[in-house]
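Enquirer: Generate a structure from the sequence data that follows.
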Amino acid sequence: LGVFATVTACQALLPDLLAPFRAAHPRIRVDLRTGDAAAALARLDEGEVDAAVAAIPARLPASLVSRTVAVTELVFVTGPHEVPDETLEGRGLEGPFVLPRRGLVREAADRWLRARLPWRPEVVAEPEGHEALLALVALGYGTGVVPRMVLENSGVRDRVRVVAADPAPAPLKVGLCVRRADLRRPLVAALWSLTAGPGKTG
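Expert: Coordinates of the predicted model:
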């Protein structure tokens with residue numbers, strides 16, 4: 001069973017999410033792959049994996065179904081040596097910013113900044129992954145935005161500081177996603193049935 005998840009999802013979600021499947025099917029081998037969160041659904045849709053734990057867009061491709069397994073807020077973070085202010089507005093939103101190169105977090109950050117800045121923000125770095133983004137923020141390159149779940153599981157969480165934003169960006173839904181057609185496959189159907197939770201199927 002091929003499963004894609006980010007490093008954070010592997011640490012924070014998969015042990016509990018896959019435990020019932022593992023208990024019911026101990027002889028099934030799981031091929032766990034990690035990588036950039038923004039590529040998760042594309043890899044699933046292209047058939048590289050059987051399931052993905054990924055951020056769920058407002059409009060999921062019709063070929064996929066998802067079940068929400070976690071909701072995490074998006075937070076702005078800056079280096080620990082920046083001049084402390086209570087909010088980003090208090091700092092004048094002058095930047096510079098470190099933003100993900102692509103994906104739902106980048107889209108949310110762009111929407112948030114466009115609604116509040118009369119000018120194009122200075123983006124000094126666009127790393128592929130959230131972990132790399134946090135490393136650059138910790139080094140003092142600028143203010144970044146990441147899911148709180150990523151921050152809480154990061155090795156550099158004590159080297160960055162959360163900056164309050166009012167209003168905060170919309171939270172991110174994380175879900176288990178599979179191809180709709182694959183729900184007829186016994187292995188995928190078993191995974192789907194054994195990871196049922198409070199989230200919605202879409």
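Enquirer: Quick check, central residue of the protein?
Expert: With distances taken as Cα atoms, centre = their mean, Ala55 lies nearest the centre of the chain, 5.2 Å away.
Enquirer: give me every residue that touches the residue nearest to that one when sequence neighbours are not counted.
Expert: With sequence-adjacent residues excluded and distances taken as Cβ to Cβ, 6 or more residues apart in numbering, Ala55 is closest to Leu104, at 4.6 Å. In this view, the C-beta of every residue, glycine as well, is placed from N, C-alpha and C. Neighbour list for Leu104: 37-38, 55, 57, 172 [criterion: Cβ atoms under 8 Å, 6 or more residues apart in numbering].
Enquirer: Between the residues you listed, identify the one with the most neighbours.
Expert: Among these, Ala37 has the most neighbours (other Cβ atoms under 10 Å), with 29 neighbours.
Enquirer: so where's this structure uncertain?
Expert: Scanning the chain for pLDDT under 70 picks out 81-94, 196-202.
Enquirer: Domain map for this structure?
Expert: What the TED database lists as the domains of the chain is 2-71+173-195, 74-163.
Enquirer: who's in contact with Asp182?
Expert: Taking Cβ under 8 Å, 6+ apart as the contact definition, Asp182 lies against 50, 188.
Enquirer: That one and Leu64, how far apart?
Expert: To Leu64, Asp182 is 10 Å away according to Cβ to Cβ, to the nearest Å.
Enquirer: my guess is Arg67 meets Gly175, correct?
Expert: Yes. Arg67 is within contact range of Gly175, at 5.5 Å (criterion: Cβ atoms under 8 Å).
Enquirer: Looking at the two, which one has more neighbours?
Expert: Relative neighbour count places Gly175 above the other of Arg67 and Gly175, with 24 against 18, counting by other Cβ under 10 Å.
Enquirer: now the more buried one, what's its secondary structure?
Expert: strand (DSSP: H, G, I helix; E, B strand; the rest coil).
Enquirer: Run a quick neighbour tally on Gly155.
Expert: Other residues within reach of Gly155, judged by other Cβ under 10 Å, total 10.
Enquirer: Helix, strand or coil: sort out it for me.
Expert: Following three-state DSSP, we place Gly155 in the coil state.
Enquirer: Gly140 now?
Expert: Following three-state DSSP, we place Gly140 in the coil state.
Enquirer: Kindly provide the distance from it to Cys10.
Expert: Counting by Cβ to Cβ, the separation of Gly140 from Cys10 is 28 Å.
Enquirer: and those two? which has more neighbours close in?
Expert: Cys10 (17 against 13).
Enquirer: I figured that one hits Leu32, correct?
Expert: Yes. In this structure Cys10 lies within contact range of Leu32 using Cβ under 8 Å: 6.9 Å.
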